[in-house]
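J.: Pasted the sequence and its predicted model underneath.
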Amino acid sequence: FLEEMPASGSRPGLKRLLSNESSAGYCERKTKPATSLASWSLSTESLIGVLPVDPAPENYIRVVRNCIFSVVYPTPFKSRTLLVAVSKNVLEDILDLDLSVSKTNYFIQLVSGEKIVSGSIPLAHRYGGHQFGIWADQLGDGRAHIIGIYTNRYGEKWELQLKGSGKTPYSRNGDGRAVLRSSVREFLASEALHYLGIPTSRALSLVVSDDDVWRDPFYNGNIQKERGAVVLRIAKSWFRIGSLEILAHYGELDLLRKLLNFVIQEHFPAINVKDPNRYLDFFSDVVSGTAHLIASWMSVGFAHGVCNTDNFSLLSITIDYGPFGFMESYDPNFVPNTSDDERRYKIGNQANVGMFNLNKLLQVLNLLLDPNQKQLAAQILVGYPTLYYRRFKELFKAKLGLLGEKENDDYLIAFLLRLMEDTKADFTMTFRELSEITQAQLKEFNIPQEFWALETLSRQELFSDWVTLYLLRLKSNMNDSDSRRRKRMTSVNPRYVLKNWMAESAVRKAEMNDFSEVHLLQQVLQHPFQKQSLSERAGYSSPTPLWAKDLKVSCSS
Ligand SMILES: Nc1ncnc2c1ncn2[C@@H]1O[C@H](COP(=O)(O)OP(=O)(O)OP(=O)(O)O)[C@@H](O)[C@H]1O
């Protein structure tokens, strides 16, 4: 992780925005969540009142120019639908609705795309992007519909989007659908990242239908029948780097300016939209937000899997849960995406790919900058590696319980990661067990039997050297005690992450209409830092079961 970064540069002055705040930060609510949807309203007016819409009203696949959105209604499933899961936290704390609302017919109709809240005009967004490093031209929401924006009791605006809800003008060769398998994964993982404290889109609900959807999961001609599903997901904004790239590519510069001004005005309140340097400030925020986001992925071993520019949010939140994976045994070459033959999106390369994507954003912004601003923007990008590495180090120091700054901290972190790489020790559980073990136990190499990850790590002959250095470093923590260290470390080192085998186990049951493990994982992953008996019994902190040792995740969704 440490060696693959490009050389660092100077750090630009930065105003950090990003507020995908966790609900934990909310003050206690004064009003009760609504028990009916009767007066609950959604609208897309705040988008389409400002940003141009495709003049063609018909829903057919086409090249679209000079607009940001197409008006297009979701296509309801033909068969019956079933509500598989709901996030109570999203429903109550963000959307101000009582859980009882999710039991109503109307709710299921809304979250499956069968009905639209009266007055709200559903939209598909036009965007482009670089996929695997190559310009892909027009992409757009080919199976997603923004069904409205909700303004909650804090005045926050949240965009509600269905994924898997039917064809749009941007569907290209696709069927507009998503399958249950990938929808379970997106539903669980986006919520899991939120509870790990990582900025992300959230998921309100997961609906499955009996509609047939045909997929070739491993692109080997083995086509199988699956079931269509829809996730209702929410974000403050769904705009991506690709949202700007398409406008730059087609020379739609007035529209580019308009969209940028809109994004800044709506989502970057610290930037004055009249300031001639606003695009520089915006770039600076996106650069730091992206650096922080990727560092936080690394801190929990999360590999996004498809870091294309159309999957990189302008708000630096995690979006598009495709063939993502949480790394199990530590390996910087870990690639969750089976179709990424060149390993472009391996976990150890995510920070570099972030730089590539930010450079694509820079190329777009350069069209609107004067020569002096262009120079400054280039310097901002040069500062990205430093920002990334600083955040990475902060997070890994916290994972090791280190306070203050010591000369050898980099070495201590790199040394441990190297030991983990050599032994293939489990990433999540190594850090967790280091959080749970006492210094006295470590000193005596008295590793409790159930600490299987540390046991693996200890097989490396240099383990004892590392422990000696680590214990020495812990001594230099000011005003600390071992119990305080352990408490700190257990609050940042999760015991449970959504490993592929867990998601797969839940998916296999869900395909048989048994949603119990989806619900169990949903519950467990809301408290990833707390030891839970149900989760222990399910083996979620145990070594990967044998059946899942060579599990591969399909990229087709
Ligand atoms: N089955 C499908 N039908 C139509 N379009 C699709 C389908 N699958 C993917 N696409 C489109 O292909 C592009 C890239 O796909 P990708 O899987 O990265 O996106 P996605 O997961 O559908 O969307 P998002 O990034 O919003 O989560 C997007 O424009 C997406 O809308």
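T.: Arrived safely, thanks for sending.
J.: Show me what counts as buried in stretch 546-556.
T.: Residues Leu551, Val553, Ser554, Cys555, Ser556 are the ones in stretch 546-556 that count as buried (16 or more other CB atoms under 10 Å). Glycine gets a C-beta too; all of them are placed from N, C-alpha and C.
J.: which residues touch it?
T.: 181, 215-219, 305-306, 322-323, 325, 336-340, 500-501, 504-505 (CB atoms under 8 Å, 6 or more residues apart in numbering).
J.: Output the buried residues of stretch 546-556 in JSON lines, with pLDDT, secondary structure and distance to Leu419 appended to each entry.
T.: JSON lines is the format used below for the buried residues of stretch 546-556 (pLDDT from 0 to 100; DSSP: H, G, I helix; E, B strand; the rest coil; distance: CB to CB, whole Å):
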{"residue": "Leu551", "pLDDT": "86", "secondary structure": "coil", "distance to Leu419": "25"}
{"residue": "Val553", "pLDDT": "76", "secondary structure": "strand", "distance to Leu419": "27"}
{"residue": "Ser554", "pLDDT": "76", "secondary structure": "coil", "distance to Leu419": "33"}
{"residue": "Cys555", "pLDDT": "72", "secondary structure": "coil", "distance to Leu419": "32"}
{"residue": "Ser556", "pLDDT": "78", "secondary structure": "coil", "distance to Leu419": "37"}
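J.: Of all pairs in those residues, which one is the farthest apart?
T.: Leu551 and Ser556 (15.7 Å; CB to CB).
J.: which of the buried residues of stretch 546-556 lies closest to Leu123?
T.: Ser556 (25.6 Å).
J.: and the closest one, backbone torsions?
T.: The phi and psi values for Ser556, taken as degrees, to the nearest 10, are phi -80, psi 130.
J.: quick one: which of the contacts of stretch 546-556 sit in strands?
T.: Arg215, Gly325 (DSSP state E).
J.: and the ligand, which of the contacts of stretch 546-556 reach it?
T.: Counting by CB under 6 Å from any ligand atom, Val306, Gly322 from those sit close to the ligand.
J.: which of the contacts of stretch 546-556 count as buried?
T.: Buried members of the contacts of stretch 546-556, counted by 16+ other CB under 10 Å: 181, 215, 217, 305-306, 322-323, 325, 336-338, 340, 500-501, 504-505.
J.: I'd like the buried residues of stretch 546-556 written out as CSV, with distance to the ligand added.
T.: Shown next, in CSV, are those (distance: CB to the nearest ligand atom, whole Å):
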residue, distance to the ligand
Leu551, 20
Val553, 13
Ser554, 12
Cys555, 8
Ser556, 8
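J.: Closest one of these to Ser237?
T.: Cys555 (25.7 Å).
J.: three-state assignment of Gln363?
T.: What DSSP: H, G, I helix; E, B strand; the rest coil gives for Gln363 is helix.
J.: Sorry, wrong one. I was asking about Lys374.
T.: Three-state call for Lys374 (three-state DSSP): helix.
J.: wouldn't it be in contact with Asn366 here?
T.: Yes. Assessed by CB atoms under 8 Å, Lys374 is found in contact with Asn366 at 5.4 Å.
J.: any idea how far Asp216 is from the ligand?
T.: 12 Å (CB to the nearest ligand atom, to the nearest Å).
J.: ditto for Val207
T.: In this structure, Val207 and the ligand are 16 Å apart, going by CB to the nearest ligand atom.
J.: Repeat that for Gln373.
T.: Gln373 sits 30 Å away from the ligand, going by CB to the nearest ligand atom.
J.: do Leu188 as well
T.: With CB to the nearest ligand atom as the criterion, Leu188 and the ligand are 15 Å apart.
J.: Isn't that residue up against Val524?
T.: No. Using CB under 8 Å, Leu188 is not in contact with Val524; the gap is 9.9 Å.
J.: which residues are contacting stretch 150-163?
T.: Counting by CB under 8 Å, 6+ apart, 26, 29-31, 40-42, 46-47, 74, 94-96, 111-113, 141, 143-149, 178, 183, 186, 204, 230-238, 266 sit against stretch 150-163.
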